[in-house]
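> Take a look and give me a structure for this.
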Amino acid sequence: MTIVVRTILMAALFFGANLYTLPQSHKDPLNTNKMMMTKPSAQVLSKGQKTIILERVFMDGEVSEEILHEKRLSNKVYMNKYKSWQLVEMDDDQLVFQKKVDDISPLLKSNGYFGLSDDGTLSIFNGKPNKADIIQSFFQIDMKKLEGKKQEELLKGIPIKSKEDFTNVIETLKRYSISKQEQ
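Predicted coordinates for the structure are as follows:
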């Protein structure tokens, strides 16, 4: 999983854990005499439910997860319901389905840039290359062969707004890659 997905999942878990551990007085600060409906614990939820995880794998390597809690039925029912997905993991309490998405991730569309890492590797950054995290790396570029204008663009960062931008940049820069023998 990528750092972004892990961070989102950790934040959700932290928020949920804090919500369940708050004393009743914090949940109802006015101390009104209303009956509060509390959420059942995770153990109670899982008795009659099964966790279904839908993973979308984007062409840039980003993976998004959708976690569903559904009524416990036979695995055959879930296989039929998610027949356009590939089953990648299964146990008594959960099923994990995966689907490859022929597009770049929403993260890349909103804030993705092609650039060069410190060692000259073509990489995708979350934000401008000099100030951002590397999302994915591809291949090392032979800077001697790359024309000055392209070098400058990569140093500034080339925004990625579409699948076409993504594939065009990769295809254009492949011819400037350093082969394993040259390294």
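
> For this structure, which segments count as strands?
Assigned by DSSP state E, the strands in the chain fall at 49-58, 63-71, 86-90, 94-101, 112-116, 121-126, 133-140, 158-159.

> So which bits of the first one are buried?
Residues of strand 49-58 classed as buried under the neighbour-count rule (16 or more other CB atoms under 10 Å) are 49-52, 54-58. Every C-beta, even on glycine, is put in place using the N, C-alpha and C of the backbone.

> the domain parsing of the protein - what is it?
48-102, 106-174 (automatic domain parsing).

> hey, least reliable of those domains by pLDDT?
Between the domains of the chain, the one with the least mean pLDDT is domain 106-174; it has a mean of 90.

> for that domain, how far is the first residue from the last?
24 Å (CA to CA, to the nearest Å).

> next one: it to chain centre, how far?
19 Å (CA atoms, centre = their mean, to the nearest Å).

> i'd like the first residue to be 36 from this point on
Yep, numbering from 36; the last one is domain 141-209 now.

> quick one: the helices in this structure?
38-56, 59-62, 77-82, 110-116, 141-146, 183-191, 198-209 (DSSP state H).

> which stretch among the strands of the chain comes nearest Lys184?
Closest approach to Lys184 among those is made by strand 193-194 (11.5 Å; CB to CB).

> From the contact counts, what lies against that closest one?
Of the remaining helices and strands, those touching strand 193-194 by 3 or more CB pairs under 8 Å, 6 or more residues apart in numbering; DSSP states H and E are strand 147-151, helix 198-209.

> Tabulate the ones you listed (JSON lines), appending distance to Asp177 and mean neighbour count.
JSON lines is the format used below for the helices and strands packed on strand 193-194 (distance: least, CB to CB, whole Å; neighbours: other CB atoms under 10 Å):
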{"stretch": "strand 147-151", "distance to Asp177": "12", "mean neighbour count": "22"}
{"stretch": "helix 198-209", "distance to Asp177": "10", "mean neighbour count": "15"}
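
> Just send these back as TSV, with distance to Leu157 too.
As requested, the helices and strands packed on strand 193-194 are arranged in TSV below (distance: least, CB to CB, whole Å):
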stretch	distance to Leu157
strand 147-151	7
helix 198-209	6
